[in-house]
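Participant: pasting the structure only:
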């Protein structure tokens with residue numbers, strides 16, 4: 001961009017923002033005095049679009065809720081299974097350790113067969 005074009009663009013931008021700033025009303029003293037009113041669009045296509053969008057959002061929300069309800073028992077069963085499996089593993093290890101300790105205790109009570117006295 002050459003300097004002359006840049007100056008022209010800068011002047012136009014300055015003029016635009018000056019007009020925009022002048023067109024804005026002064027801020028009210030308090031926010032309670034300001035009333036925001038959304039314009040109602042009487043266009044039937046816009047009304048239909050908004051109604052369709054709302055219906056689609058309601059449908060997706062209900063579908064997700066039903067999916068969560070349907071999957072809840074399965075998730076609970078899966079959690080219960082995992083817990084029981086973990087407990088079984090712990091019990092199996094404890095049983096093996098107890099059997100191993102009992103075997104070691106029996107071996108300690110008996111004299112060593114490998115040592116023979118002549």
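Facilitator: Received, thanks. Keep in mind the model is a prediction, meaning the values are calculated, not measured. Residues are numbered from 1 along each chain as shown.

Participant: low-confidence stretches in the chain?
Facilitator: 1-33, 38, 40-41, 111-118 (pLDDT under 70).

Participant: what about the helices in it?
Facilitator: With helices called from DSSP state H, the chain shows them at 3-23, 44-109.

Participant: can you pull the buried residues of stretch 85-95?
Facilitator: Along stretch 85-95, no position meets the burial threshold by neighbour count (16 or more other C-beta atoms under 10 Å). (Each C-beta comes from the backbone N, C-alpha and C, glycine too.)

Participant: and if you look at stretch 70-80?
Facilitator: Result for stretch 70-80 [16+ other C-beta under 10 Å]: no buried residues.

Participant: and the helices of the chain as TSV, adding distance to residue 37?
Facilitator: Output for the helices of the chain, formatted as TSV (distance: least, C-beta to C-beta, whole Å):
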stretch	distance to residue 37
helix 3-23	19
helix 44-109	17
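
Participant: among these, which is nearest residue 34?
Facilitator: For those, the distance to residue 34 is smallest for helix 3-23, at 17.0 Å, taking C-beta to C-beta.
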